[in-house]
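Asker: model this:
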Amino acid sequence: MKKKFWIFFLVTVALFATVAGMYFKFIHQSSCIVFVESFDHGVITVDNDKTVGTDEKFSFKCKAGDEITLNINPERTDTTYYNLKKLYVNGEDVTDKVDILQYKTVVDGKLTILASFKKGKRPSDSDGDITALDIKAPELINPMGDGYVGSYANYDIKDPSVIYDEKSGYYYCFGSDNVVVKSTDLVNWGGRTTYFAHDLNAQSNAIMSFSAFDCVSEWAEKHGYGKDELYSDANEDRTPLAPEIVKVDGTYYLYFSLSKVADANESAIFCVKTKDLESAVLNKQWEEVGLVISSCGRHAGTEYNENGKKKNVSAHYDEANAVHPSVVVTDDGMFMTYGSYYGRGKIQGSINLIELSKKTGLIKKESQLNTQGEKISTLHGDTVYSMGKTVANPGRIPALSKKDGSLVTGSEIVYIKSEGYYYLLTTYGNEDTNYNIRVARSKNVEGPYTDMLGGDMSEFSSKMGKSMYDKGTLLLGGYNFLSSSKGGVVYSDIGRASIGSPSVIKTKDGDWFIASQSQLYFKAGTEITTGTAAAEANDLAGVNSEPCLEIRELAFTKDGWLMAEPEVYSGEKAQSKIKKTSLYGNWDVVVFSNEGNSDDYKAVERSTSQIITIHEGAVITQKDIAKKKKLGTEGILTKADGYYTISIDGVSYSIYPSALWDWELGEGSIVFTGYGSDGSTIWGKKNVSASLGIYTDAFYYVLGLTDELTQSKYSKKIDKISSNPSQYDIDTMTDEMIDSVIKN
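Answerer: Numbers count the residues shown, from 1 in each chain. The predicted structure is shown next:
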C-alpha cells in the first residue's frame with residue numbers, strides 16, 4: 001500500500017512540476033520586461049521603434065528568446081555631439097561589442113540596459129569642413145519693444161502682404177483682421193498695430209464704423225447694413241480680409257476686401273492710398289480711392305448679352321468672389337487677380353484677372369480684359385461689373401462645405417523679369433487642414449497659366465475622376481521632418497500644416513522671397529514657445545489654430561520654375577556652392593505629390609519624411625533595404641549649372657542643394673529643393689550624425705552585398721571605430737563599398 005502511495009505521490013509531483021514549468025515558461029515567454037535607461041544627452045532606439053530619449057528611462061514587454069537590436073545614437077546640441085561612453089547590459093560592460101552604434105542581444109529573463117555618453121566634437125568631412133558649419137545662428141532681437149511677435153513663427157498673422165518701404169527702411173506686413181507688423185530683416189518682426197483706426201478683428205467682435213470711407217459705407221448700406229450695425233460675427237468672419245499693398249509711381253495703394261458673411265461671395269474689394277507708408281500706419285490716415293469690384297452672392301440679377309441687352313436670369317452665385325486681391329505692376333500695365341472658392345452648381349468659384357489704371361488704382365474702363373467674364377449688377381443699384389477673365393479654376397469640386405476643403409483661393413500674381421514669366425500662385429485646400437500653394441506661369445499676363453506638366457489652370461473639367469488636385473505645381477504644403485531624438489515623427493514645431501495665402505517679396509537687394517501663413521504641429525500634452533508667444537498644445541490630430549507668418553527664400557530651376565527653400569529664412573541667404581562629397585550620406589526627404597493633398601485629412605496625415613542614403617553610385621531607400629534590392633547605377637549626376645539628378649523609387653528628381661540655418665535642430669544644415677519628373681516637389685535635409693538607428697541600415701545593407709574579402713576588410717575597420725564612429729566614417733565606408741559592389 002505504501003509503495004503504491006509513494007509511486008502515486010511521485011508521479012503527481014512530476015506531473016505538477018512539468019505543468020508548472022510549462023506554465024511559468026509560458027508566462028515567462030509572454031511577459032519579459034526590458035528596462036532601458038539613457039542619460040547625459042544620449043538616445044537609444046530599440047528595433048527602430050521603441051525609444052528612450054535624453055536623460056530618460058522606460059520599459060517594454062517582450063518574449064524570452066527574442067533578439068533585439070539597440071541603436072545607440074549621438075545627441076547633437078548646436079555644434080557638440082554626445083557620443084557613447086559606456087553601455088551596460090545586465091551589469092556587463094558591452095561597450096566594445098557595439099558595432100557602428102548597434103548592439104544585438106537575446107532577451108533572457110529581465111533585461112536591463114544602461115547607457116552613458118561623452119561630449120565630443122561634430123564630425124567633419126574629408127576637407128575638415130562641412131559647408132553647413134559656416135551658417136551662422138540667426139540674431140534674434142527685440143528692437144521694437146511691445147508688440148514683438150518673434151521669428152520663425154509669428155503668431156496670429158493671416159493672409160500676409162509684405163512690401164519694403166525705402167523711406168523708413170522697414171518691411172511692412174499687412175494681414176487680415178486689421179493687423180500690421182514691421183521688420184528690418186524679415187526675421188525679427190514687431191511694432192504690432194492696426195492699419196485702420198478701427199480696432200476691428202475676429203476676436204473683438206467690434207462694430208465697424210462705415211463712415212471712415214464713403215465707398216465702404218455706400219456698399220454696406222446697399223447690402224443691408226446701418227452705419228453702426230454689427231459688421232460680422234466673431235466666430236464666422238474676419239475683416240478687413242486679405243489686404244494687398246503695392247507701390248505705383250511713388251504712391252502706396254492698399255487694397256482690402258470685406259464680406260457680408262463668412263464663406264459667401266457677397267463681397268467687395270476697396271482701395272485706399274498714401275504717399276507716406278510709415279505715417280499712414282502710425283496715424284491711421286489713408287486717402288480713399290474707392291470701390292474696385294464687388295460680387296453679389298446669390299441673386300437673380302441681370303445678365304447682359306454681347307449686344308448689351310438685358311435678360312433676367314435665375315438665382316445663382318457669381319462666378320468669382322471679390323476677395324483676396326493681388327496686384328502686379330509692369331511696363332505692360334497694372335493687373336489684379338482676385339477670387340476664392342465660393343460658388344454653386346456650374347459656378348465653382350475661380351481666380352479672375354482684371355486690369356487697373358496706374359493713375360487711379362481702380363478698374364481701367366477702356367480695357368478689353370475687363371469686359372470678359374460674367375456681367376453682374378450690384379445687389380442694390382444699376383452699376384454693372386464684369387468679373388474679368390478666369391485664369392484659374394479648380395475643376396471638379398467635392399460637395400461644397402468647410403469640411404470638404406475645396407478649393408482655390410488666396411492668389412498671388414508676380415512678374416519676374418529675369419525669368420521672363422508671370423507667375424500665378426494659388427492656395428488650394430482647406431485652411432484648417434490641408435492648405436497648400438500651387439504655382440503656374442505664363443509669358444502673357446492674361447495666360448494661359450500652365451503648370452510643370454502643361455496643365456492649364458483655367459480649364460474646367462466636371463469629368464468624374466478629374467479633380468482640382470490634378471492641376472498646379474505644388475510649391476509649399478504641409479510637411480514633417482523626422483526628429484533627431486526619436487525613431488519616428490515628433491509632432492512639435494518641427495513640422496508645418498496648412499501653408500497658404502502667398503505673398504512674393506522683392507527685397508531691397510533685389511532678391512526674391514515668399515511670405516505665407518501656416519500652422520504648427522504640436523506634440524500631445526506639451527507646450528512650446530516660439531518667439532515670445534506661447535501656444536497650448538493640441539492632440540496629435542490637430543494643429544495650432546493661430547496662423548503664423550513665415551518667410552522663405554525663393555530659388556529658380558534651370559528653366560525658370562519657382563522653388564521654395566525647406567527652411568524658414570534666418571537672416572542669412574542660402575549658400576548654393578555645395579561640394580558633391582557633402583551630399584553623400586543620410587537625408588530626411590519629403591516628397592509632395594498633388595494627390596497626397598487631395599483628401600480632407602487631419603494634421604497628422606500630411607507629407608512626412610523618409611530616410612534615403614545618397615552616394616556616388618547609388619541612392620538607397622528604406623524600401624530598397626526591406627526588399628534587399630540589388631544596387632543599380634542610379635547615382636548623383638553633377639550638372640554644369642549646379643543641380644543634381646537622383647532617382648527615388650523610379651522617379652527622377654532634379655535637386656538644387658544649398659546650406660542654410662536649420663530652425664528645428666538649431667544648427668547649420670545642407671538641404672535641397674527640386675522637382676520630380678512626375679511633377680512632384682521634393683525637399684531634403686541632410687543629417688550629418690548617425691542620429692537615428694535607421695541611418696545605419698544602409699551601411700549594413702551594402703555590407704551584405706559585398707564579397708567575403710570586402711566584408712572582412714570592413715569588419716576590421718568597424719572594430720577600430722565601433723564605439724564612437726562619426727557619420728563621416730559611416731558615409732565614407734558605405735561609399736567605398738558601393739563602388740566595389742558596382743564594379744563587380
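Asker: quickly list the domain ranges of the protein.
Answerer: 31-121, 124-173+484-699, 203-476 (automatic domain parsing).
Asker: keeping just the C-alphas, turn stretch 275-285 into PDB.
Answerer: As requested, the backbone C-alpha atoms of stretch 275-285 are provided in PDB (Å, rounded to 0.1, in the frame of the first residue of the first chain):
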ATOM      1  CA  LYS A 275       2.500 108.800 -50.200                       C
ATOM      2  CA  ASP A 276       4.000 108.100 -46.800                       C
ATOM      3  CA  LEU A 277       3.500 104.500 -45.700                       C
ATOM      4  CA  GLU A 278       5.000 104.800 -42.200                       C
ATOM      5  CA  SER A 279       2.900 107.900 -41.500                       C
ATOM      6  CA  ALA A 280      -0.300 106.200 -42.700                       C
ATOM      7  CA  VAL A 281       0.300 103.200 -40.500                       C
ATOM      8  CA  LEU A 282       1.300 105.300 -37.500                       C
ATOM      9  CA  ASN A 283      -1.600 107.800 -37.800                       C
ATOM     10  CA  LYS A 284      -4.200 105.500 -39.300                       C
ATOM     11  CA  GLN A 285      -4.800 108.000 -42.100                       C
END
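Asker: which parts of that stretch are buried?
Answerer: Of the residues in stretch 275-285, 277, 280-281 count as buried by neighbour count, 16 or more other CB atoms under 10 Å. The C-beta positions use only the backbone N, C-alpha and C, and glycine is treated the same way.
Asker: same question, stretch 185-197
Answerer: For stretch 185-197, a neighbour-count test (16+ other CB under 10 Å) marks 185-196 as buried.
Asker: okay if I get those as CSV plus pLDDT, distance to V43 and secondary structure?
Answerer: As requested, the buried residues of stretch 185-197 are exported to CSV (pLDDT from 0 to 100; distance: CB to CB, whole Å; DSSP: H, G, I helix; E, B strand; the rest coil):
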residue, pLDDT, distance to V43, secondary structure
D185, 92, 35, coil
L186, 92, 34, coil
V187, 89, 30, coil
N188, 87, 32, coil
W189, 87, 34, strand
G190, 85, 37, strand
G191, 85, 41, strand
R192, 86, 39, strand
T193, 88, 44, strand
T194, 87, 47, coil
Y195, 92, 47, coil
F196, 88, 51, coil
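Asker: closest to K471 out of the residues you listed?
Answerer: K471 lies nearest to L186 out of these, by CB to CB, at 30.7 Å.
Asker: was I right to think that closest one contacts I551?
Answerer: Yes. Counting by CB atoms under 8 Å, L186 touches I551, with 4.9 Å between them.
Asker: overlap of the contact sets of the two?
Answerer: 162, 505, 513, 569 (CB atoms under 8 Å, 6 or more residues apart in numbering).
Asker: who does the first one bridge with?
Answerer: To tie it back to what came earlier, the one meant is V162. C173 (DSSP bridges).
Asker: what about it, distance to Q372?
Answerer: 30 Å (CB to CB, to the nearest Å).
Asker: between these two, tell me which one has more neighbours.
Answerer: V162 (24 against 17; other CB atoms under 10 Å).
Asker: you'd agree that one is up against Y171?
Answerer: Yes. Shown here, V162 and Y171 form a contact pair, counting by CB under 8 Å, at 5.8 Å.
Asker: need the three-state assignment for L140.
Answerer: Put simply, L140 is coil when judged by DSSP: H, G, I helix; E, B strand; the rest coil.
Asker: number of nearby residues for it?
Answerer: By the criterion of other CB under 10 Å, L140 has 13 neighbours.
Asker: give me the common contacts of V162 and Y171.
Answerer: Each of 186, 505 lies in contact with both V162 and Y171 under the rule CB under 8 Å, 6+ apart.
Asker: ok, how many other residues are close to G290?
Answerer: Residues lying near G290 (other CB under 10 Å) number 16.
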